[in-house]
Structure formats: C-alpha cells, structure tokens
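Student: model this:
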Amino acid sequence: MSERKPISDRDRRLVRQIRIAALVMAVTMIVWMGLQYLGGVYEWPVRFAFLFDLAAFVALVWALVVTYWVWKERKRS
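Tutor: The predicted structure is shown next:
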C-alpha cells in the first residue's frame, strides 16, 4: 500500500472553496427551477421571474469567479 501525502492547509482551503462553489451552483439551480415553477403555478408577475433570474445569475457568476480563482491558485503552485 502506498502512503498518502499529507494535505497542506492551503490545499484544504482550496478544496473547501471549491465545495462551497459547487454547493452554491447546485442549490442555485434547484431553487431557481423551483421558483420558476411556483411562479407559473401561482401566476406571479413577470418581474419576479426576472428577479429570480438575476439572483441566480449573480450566484452562478460568484461560483464561476471562485472556481477560476482556485484554478489559478492551483496552477501557480
């Protein structure tokens, strides 16, 4: 059996950030789809659909920025 290398604090931090970004992406899509469905069922005004779209867009852009930052950090080392 091969021994595992100890994980540095920096790598733990990067892994934690990627997990948070992945969780944000998954939760954002589930909540966004649910709100779109509820908006159609309850006939909410269209402005709410745009609000939900904007909130989902902001969350996904944040996750993309975090993912890019982690990629650059890992590439640098």
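Student: just give the number of residues close to I20.
Tutor: Residues contacting I20 under the criterion other C-beta atoms under 10 Å number 12. All C-beta atoms are positioned from the backbone trio N, CA, C, and that covers glycine.
Student: list the contacts for it?
Tutor: By C-beta atoms under 8 Å, 6 or more residues apart in numbering, the residues touching I20 are V66.
Student: same thing but 6 Å
Tutor: Not one residue lies near I20 by C-beta atoms under 6 Å, 6 or more residues apart in numbering.
Student: what's the separation between it and K5?
Tutor: 24 Å (C-beta to C-beta, to the nearest Å).
Student: next: W71.
Tutor: 21 Å.
Student: what's the spacing between the helix or strand A55 falls within and its chain's center?
Tutor: Assigned by DSSP states H and E, A55 belongs to helix 46-76. Helix 46-76 has its C-alpha centroid displaced from the chain centroid by 6 Å (C-alpha atoms, centre = their mean, to the nearest Å).
Student: W71 and K5 - which one has more neighbours?
Tutor: Taking other C-beta under 10 Å, W71 and K5 do not tie; W71 has more neighbours (12 against 7).
Student: now do the longest helix seen in the chain against helix 46-76, angle only.
Tutor: When the chain is parsed with DSSP state H, its longest helix is helix 9-41. Relative orientation of helix 9-41 versus helix 46-76 (axes from the mean of the first three to the mean of the last three C-alpha atoms, to 10 degrees): 160 degrees.
Student: okay, buried residues for helix 9-41 please.
Tutor: Buried positions in helix 9-41, judged by neighbour count with 16 or more other C-beta atoms under 10 Å: 14, 18, 21, 25, 28, 32, 35-36, 39.
Student: now, which of these sits nearest A59?
Tutor: The nearest member of these to A59, counting by C-beta to C-beta, is T28 at 4.3 Å.
Student: can you pull the contacts of the closest one?
Tutor: 56, 59-60.
Student: what number of residues lie near E43?
Tutor: Residues near E43, counting by other C-beta under 10 Å, number 6.
Student: which other helices and strands does the helix holding A55 contact?
Tutor: With contacts defined as 3 or more C-beta pairs under 6 Å, 6 or more residues apart in numbering; DSSP states H and E, the packing partners of helix 46-76 are helix 9-41.
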